[in-house]
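Undergrad: using only what follows, build the 3D model:
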Amino acid sequence: MKNKFYKYIETLQDQITSKLEAVDGKARFQEDIWERPEGGGGRTRVIENGNVFEKGGVNISGVHGKLPKSMQDYFKVGDVDFFACGLSLVLHPTNPMVPTVHANWRYFEMYDKTGEIVGSWFGGGQDLTPYYLFEDDAKHFHQTCKTACDKHNPEFYPKYKARCDEYFYNAHRNEGRGLGGLFFDYCKATEDMSMENWYNFVTEVGDSFLEAYVPIVEKRKDLSYTEAQRNWQEIRRGRYVEFNLVHDKGTLFGLKTNGRIESILMSLPPHVQWVYNHEPEAGSEEEKLIEVLQKPVDWV
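TA: The predicted structure follows:
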């Protein structure tokens, strides 16, 4: 399964970066092949200073070795080896009318001293973080997620949508990071779902990403914006940074397993503001966004 899934994310990375370059029309992804001393490595692709994307990355990795003690304690396991692979992406557009987006699809295995698999699961999801609320965009993104889920189980979308709202939440701010999407983790084999079934589901979601996001980008990328709206975007980006450094499991896992720091922190935007005690004006479009972030909406 691990070889099959790694080949899938290699192909998906090519598909996504090719499409995003076409959408941007100017910038190209710069590729960086890296190796992890303890085992494995990855292929990082970063785009910067384009017509559409100010910064973004679409990265794949496959790492293996001894599971660090901190992660042994987290997973409540003994001295085991592990393999983890996945594709992780984040895109920060220049225009504040275009939302930031994040997605990740991953696979994990653990092994005992004989090399037998003692645990394996899939995880992942995709979520939208706008700076200005366009309800049509939210509905399109969530409908695409729901369509992918419904092909496998009609219970998946409401279940994983709720988990996304719960996970991508800045508790210290009492607000969501964005408008959500899907989040699933520890998807293990059961009587109802084999690992092959989970593979089919996760790859269905991965294949849906471009349809979920690109039409939104193409609709909003040429809209005009003011300096004040750009400042608001940078303030909201600060909340994105806070989540990634305080709460994000992928960031913490990468740091605790001696991952490549440039790839781990690729998700951080280039221009950010932290303005003391900033509050949007009453009745403004900025306040409208905050109200939605404080109470998740059922978009479909």
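
Undergrad: can you tell me what sits against stretch 25-32?
TA: Contacts with stretch 25-32, where a contact means C-beta atoms under 8 Å, 6 or more residues apart in numbering, come from 17, 20-21, 43-53, 58, 262. C-beta: built from backbone N, CA, C; applies to glycine.

Undergrad: give me the local confidence score for the residue of the chain most remote from its centre.
TA: In the chain, T114 marks the outermost C-alpha relative to the chain mean, sitting 34.1 Å out by C-alpha atoms, centre = their mean. Note on T114: pLDDT of 88.

Undergrad: tell me the SS of it?
TA: Following DSSP: H, G, I helix; E, B strand; the rest coil, T114 is assigned to coil.

Undergrad: returning to what we had before: quick one, which of the contacts of stretch 25-32 are buried?
TA: Among these, those scoring as buried are 17, 20-21, 43-47, 50, 52-53, 58 (criterion: 16 or more other C-beta atoms under 10 Å).

Undergrad: among those, which two are most distant?
TA: Among those, the pair separated by the greatest distance (C-beta to C-beta) is R43 and V52, at 22.5 Å.

Undergrad: just the helices in the stretch 51-200 of the chain please.
TA: Along the stretch 51-200 of the chain, the stretches classed as helices by DSSP state H, counting those that start in this stretch are 69-75, 135-150, 156-167, 195-220.

Undergrad: show me what the third one is packed up against.
TA: What it means is helix 156-167. On a contact count with 3 or more C-beta pairs under 8 Å, 6 or more residues apart in numbering; DSSP states H and E, helix 156-167 meets strand 117-129, helix 135-150, strand 180-187.

Undergrad: go on, the last one?
TA: On a contact count with 3+ C-beta pairs under 8 Å, 6+ apart, helix 195-220 meets helix 2-24, strand 81-93, strand 100-111, strand 117-129, helix 135-150, strand 180-187.

Undergrad: quick one: average pLDDT of it?
TA: Average pLDDT, helix 195-220: 98.

Undergrad: before we move on, what about the second one?
TA: For helix 135-150, the mean per-residue pLDDT is 98.

Undergrad: so N231 is in which element?
TA: helix 227-246 (DSSP states H and E).
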